[in-house]
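*Asks:* for reference, the sequence and a predicted model appear below.
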Amino acid sequence: PTATFDLRDLTKAESTSIAYRITDGDLECTDEVEADYTYVFNFFGDISYYSELPSYCGDDSAAAVQFGVGGQINSCHTLGRYDADYDDQIWSLLDKSSDADPSKGVSLKYLDGDPCAGGVKRQLTLNVECFNHPYRLVSASESVFQRCAYEINVQSYHGCPQECPITVNGLCDGHGLCMMELNDATHGTPHCYCNTGRGGNDCSEKVHDKHTSSADSDEGSGTGVQIAFLVILLLIFFALVGSIVYMTLQVMRYRKETTETYTAFNAMNTEEIELHAGASRETS
């Protein structure tokens, strides 16, 4: 994969009480109870910048030291040194797979530390995961696979390939992800994959997205059709209601007229019967 890295922005050169410092603890996956150690380190430089380094850590020319806490107090060991002449030899990609993804981050290794039991020299690996954050310490521990080998895990956008630019808003301008290319032509090359509506090599540009516009247009068209259909349904509903009301009124009027006609007819028949009865009595 074609990728370039530059961690020099993480290097501390001026004296400060704010150090790259982290304390580990016992590993639950081992039977042995590991001591608590505090680690102080630097990127491509020594730890002489740390103004509060314990006095019993006499070697401030080291790139990283480990000193004890509690029962291990007054115990201080150099974990490795930085030599600018061997820069190219201490770098490696964080992803160690056969199809290594450079957008995962980078590792650097400090060697030639103080010897531990058995004469094995201590060493420290700094794993810098590509992450949209200036700098965050994650963990520190001794390797379960190699004695006297230690690892510190860090998250930082400085651990991302330079092919994924950093702006004032962060990695890929905060509007994309740093990922490696998967096509055959440029496979393995990392770059910013921008969010919808963003473009440019650092995703800082606002762009007109045809797919989004088309989708919005289709959505708007679909909404218009739905509204028209709803209006038609409402008109049909009101027409039905009006028809039912009209028919009800007609039936009620018909029933009223029928009742009035029937009443009038009965009254006429009663009057004729009475007249007929009166005429019969006169004849008699």
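*Replies:* It's in.
*Asks:* which parts of stretch 68-87 are buried?
*Replies:* Residues 68, 76-82 are the ones in stretch 68-87 that count as buried (16 or more other CB atoms under 10 Å). Glycine gets a C-beta too; all of them are placed from N, C-alpha and C.
*Asks:* all strands of the stretch 51-200 of the chain, in order?
*Replies:* 64-68, 76-80, 91-93, 105-110, 123-130, 136-142, 149-156, 166-167, 170-171, 176-180, 190-194, 198-199 (DSSP state E, counting those that start in this stretch).
*Asks:* mean confidence for the first one?
*Replies:* To tie it back to what came earlier, the one meant is strand 64-68. Per-residue pLDDT values across strand 64-68 average out to 90.
*Asks:* can you redo the strands of the stretch 51-200 of the chain as CSV with distance to F229?
*Replies:* Shown next, in CSV, are the strands of the stretch 51-200 of the chain (distance: least, CB to CB, whole Å):
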stretch, distance to F229
strand 64-68, 71
strand 76-80, 73
strand 91-93, 57
strand 105-110, 54
strand 123-130, 50
strand 136-142, 54
strand 149-156, 52
strand 166-167, 47
strand 170-171, 46
strand 176-180, 40
strand 190-194, 38
strand 198-199, 36
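*Asks:* out of the ones you listed, nearest to D24?
*Replies:* strand 136-142 (4.4 Å; CB to CB).
*Asks:* show me the shaky parts of the stretch 101-250 of the chain.
*Replies:* 184-186, 209-222 (pLDDT under 70).
*Asks:* tell me the bridge partners for the nearest residue to G159 once chain neighbours are set aside.
*Replies:* The spatial neighbour of G159 that comes closest, neighbours along the chain excluded (CB to CB, 6 or more residues apart in numbering), is V128 at 3.2 Å. Note on V128: beta-bridge partners by DSSP bridges are V106, V154.
*Asks:* quick one: pLDDT of L94?
*Replies:* At L94, pLDDT is 94.
*Asks:* so it touches L126, yeah?
*Replies:* No - taking contacts as CB atoms under 8 Å, L94 lies outside contact range of L126: 10.2 Å.
*Asks:* the residue nearest to G159 contacts L93, correct?
*Replies:* No - counting by CB under 8 Å, V128 sits too far from L93 to count as a contact (10.8 Å).
*Asks:* thanks a lot, catch you later.
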